[in-house]
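Student: okay, predicted coordinates and the sequence, questions at the end:
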Amino acid sequence: MKQHILSTWRNASPQPLWLIDPDRLSITEYKKASEAYLEAGGRWALVGGSLLTSTDLPTWCALAKNESPLSLILFPGSTNQLCTSVEAVLLLFLASGRNPHYLIGAHVEAALFLHRWGGEVIPTTYILVGDVYALRAVHYITQTWPIPPDKPELIQATALAGLLLGQQVVYIDGGSGALHSCAPEAVAAVRAVTDAPILVGGGISSPEDAESLLQAGATFVVIGTAAEKKKFSRQTWEEFFLICTR
């Protein structure tokens, strides 16, 4: 199995990671947006979403590949989003939920496609966190409850369980458009038991939001909704990269 991106991530310095929702970013807009991100220091971007309603993701990724040298990593909301015009795929193990489809069912559906493709697959322990009164689209689609953000020991144990089962990356996510980012205490608790790459997403809209998460041990702070709504310029991305070097 290829591990080029995973190997690089294991030694990566803390940094922002762009999450692209193709429903909200046209290919025409993508070219300019990716240039700003690349020029600021970006190397990879996640692409995908819990529910895509107006975009065929394989087509979008194929077009995007011709528009920019940015490495796209698939963050699939379902097996319908699987495609070959990406550098790698996050194989998500939804460890915070108890829906069997996202613990093994979707993986069985995807297995032969990924094997035939032969690209890089990154086994990822995916943990949804958040308050039950502020559920996001991802909770509805997966039919799972998030882990309360004030339970760092439970988030830690969930991450560790996934790692012991062979996952290589931990992704702690509050969901797109979350009102608040993950608690730094939860990130620190996970970092205390692993040196694996840790991605943290949801509710990160400013360098100040990112700073505490990076200091707690996040490898990547995933930024999607904020970059989409504010149409981040090179200067805005540079502000995030700068905070990572402090």
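Tutor: Sure thing, it's come through. Numbers count the residues shown, from 1 in each chain.
Student: show me what counts as buried in stretch 233-246.
Tutor: 236-241, 243-244 (16 or more other CB atoms under 10 Å). All C-beta atoms are positioned from the backbone trio N, CA, C, and that covers glycine.
Student: so where's the protein shaky on pLDDT?
Tutor: 1, 177, 179-180 (pLDDT under 70).
Student: could you pull out the strands for it?
Tutor: Per DSSP state E, the chain carries strands over the ranges 15-20, 44-47, 71-74, 88-94, 120-128, 169-173, 198-201, 220-223.
Student: want to throw these into JSON lines with mean neighbour count?
Tutor: JSON lines is the format used below for these (neighbours: other CB atoms under 10 Å):
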{"stretch": "strand 15-20", "mean neighbour count": "25"}
{"stretch": "strand 44-47", "mean neighbour count": "24"}
{"stretch": "strand 71-74", "mean neighbour count": "21"}
{"stretch": "strand 88-94", "mean neighbour count": "22"}
{"stretch": "strand 120-128", "mean neighbour count": "23"}
{"stretch": "strand 169-173", "mean neighbour count": "27"}
{"stretch": "strand 198-201", "mean neighbour count": "26"}
{"stretch": "strand 220-223", "mean neighbour count": "26"}
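Student: Throw those strands into TSV and include distance to D150, thanks.
Tutor: Output for these, formatted as TSV (distance: least, CB to CB, whole Å):
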stretch	distance to D150
strand 15-20	25
strand 44-47	27
strand 71-74	30
strand 88-94	21
strand 120-128	14
strand 169-173	14
strand 198-201	16
strand 220-223	20
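Student: next, the closest residue to C61 other than its chain neighbours: phi, psi?
Tutor: Leaving aside its sequence neighbours, C61 sits nearest to S85 (CB to CB, 6 or more residues apart in numbering; 4.0 Å). Note on S85: backbone dihedrals following degrees, to the nearest 10 are phi -90, psi 40.
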